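*Asks:* Test case, fold it:
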Amino acid sequence: MPQASFPIGVFDSGVGGLSVLRALLAAMPHERFVYLADSANAPYGERGDVFVAARTHAITQYLREQHHIKALVVACNTATAAAIHEVRSSRPDLPLVGLEPAIKPALAVTKTGHVGVIGTRGTLTSAKFGKLMASLNEQAHFVVQPCDGLAHAIERSVALPVAAPGSPVDATETGALCARYIQAMGSFGTAPGQMDTLVLGCTHYIFVAHELRALVGPDVQFIETGEPVARQTRRLLDTAGLLHQPAHAEADEPPAPPRVQLLTTGPVAMLEAAAQRWLDLPASCCRSVQVP
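*Replies:* Numbering: from 1, shown residues only. Coordinates of the predicted model:
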């Protein structure tokens, strides 16, 4: 049975889920976390549901058997859409939190009634997303834009220098892709008929918020999922009696396990660069693993 001292597992197809881990670390400062980036198989958003479901099951099994996780956060919209219902039914003892594009929170804040949604093609064409949109479609006008290649470009960008202040948005690969997709969606702003809210339907996209802001203007609200997911995870653990309550350490106790372990099935250098840039964590937190 899970114990409160066991870590929380978090996984994504790549490094984008570090945005969710950042929110989890802030919401639960006494918990331990094991993050796994399946970068050898990224991006999931351009893979089929059968493949994504198989990887989700394999990673869940790996984290349970090798790291004894007490809960799992599927920090990937595509994996949530493709597989979370199967994982939930096959592992009813495992507290499980998934992601979906934050359409309902967007409805709560839009004033023009026009909402933009960006995400991977895998997420935005999934049956799960289709049902969500069908249930809410009459409550606002939605412009849904798949952003092919953007998540992968954000992954590659972590090893590149940050663009110089004042550079054009399209001076980088990520900026050029953001510009292409935002311009294809139509008009953003607060005037009638304009989109005043943009749903970031992929965990990677918060890491290009600066580029997106330059393209849509200062008044458009961004809706992402990190903080709501962290709150839901904390609620589930509290209900299950699995929140970790730190005890006062005795002088002769062994050192506590590391608070954060970052694992990847791909090149460890990418994860190290992302951890340092986005979470201010050292390379010593990161290592490469194999998940068959």
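*Asks:* so where's the stretch 151-292 of the chain shaky on pLDDT?
*Replies:* 247-258 (pLDDT under 70).
*Asks:* Give the helix, strand or coil label for the closest residue to E227 other than its chain neighbours.
*Replies:* The shortest distance from E227 to any residue other than its chain neighbours is 5.0 Å, reached at A23 (C-beta to C-beta, 6 or more residues apart in numbering). For the C-beta atoms, the positions are set from N, CA and C on the backbone; glycine is no exception. Three-state assignment for A23 (DSSP: H, G, I helix; E, B strand; the rest coil): helix.
*Asks:* mind checking how far A23 is from A275?
*Replies:* 15 Å (C-beta to C-beta, to the nearest Å).
*Asks:* ok, now T125?
*Replies:* T125 is 31 Å from A275, by C-beta to C-beta.
*Asks:* Can you give me the neighbour number for the residue nearest to E227?
*Replies:* 22 (other C-beta atoms under 10 Å).
*Asks:* And the one 3 residues further on, by the same measure?
*Replies:* Counted with other C-beta under 10 Å, residues neighbouring A26 total 11.
*Asks:* That one: what's it in contact with?
*Replies:* A230 (C-beta atoms under 8 Å, 6 or more residues apart in numbering).
*Asks:* Give me the buried positions along the host helix or strand of it.
*Replies:* Element membership for A26, per DSSP states H and E: helix 18-27. For helix 18-27, a neighbour-count test (16 or more other C-beta atoms under 10 Å) marks 18-25, 27 as buried.
*Asks:* Closest one to V52 out of the residues you listed, please.
*Replies:* V20 (17.3 Å; C-beta to C-beta).
*Asks:* Isn't that closest one up against L99?
*Replies:* Yes. The pair V20 / L99 is scored as a contact, 7.4 Å apart, by C-beta atoms under 8 Å.
*Asks:* Now do the shared contacts for the two.
*Replies:* Common neighbours of V20 and L99 (C-beta under 8 Å, 6+ apart) are 75, 203, 225, 229.
*Asks:* Phi first, then psi, for F142.
*Replies:* phi -110, psi 140 (degrees, to the nearest 10).
*Asks:* so what's it closest to, chain neighbours aside?
*Replies:* Computed as C-beta to C-beta, 6+ apart, the closest residue to F142 that is not its neighbour in sequence is V115, at 5.3 Å.
*Asks:* so the one you found sits in a strand?
*Replies:* Yes. Under three-state DSSP, V115 sits within a strand.
*Asks:* The biggest helix by length in the chain packs against which elements?
*Replies:* Of all segments of type helix in the chain, defined using DSSP state H, the longest is helix 49-67. If contacts are counted by 3 or more C-beta pairs under 8 Å, 6 or more residues apart in numbering; DSSP states H and E, helix 49-67 sits against strand 8-12, strand 33-37, strand 71-74, helix 77-90.
*Asks:* How about stretch 121-139, which residues are buried there?
*Replies:* Residues 121-124, 126, 128-129, 132 are the ones in stretch 121-139 that count as buried (16+ other C-beta under 10 Å).
*Asks:* Which members of those residues are the farthest-apart pair?
*Replies:* Pairwise over the buried residues of stretch 121-139, using C-beta to C-beta, the maximum falls at R121 and L132, 16.1 Å.
*Asks:* Could I get the full set of strands for the chain?
*Replies:* 8-12, 33-37, 71-74, 96-97, 114-119, 141-146, 197-200, 221-223, 260-264, 286-288 (DSSP state E).
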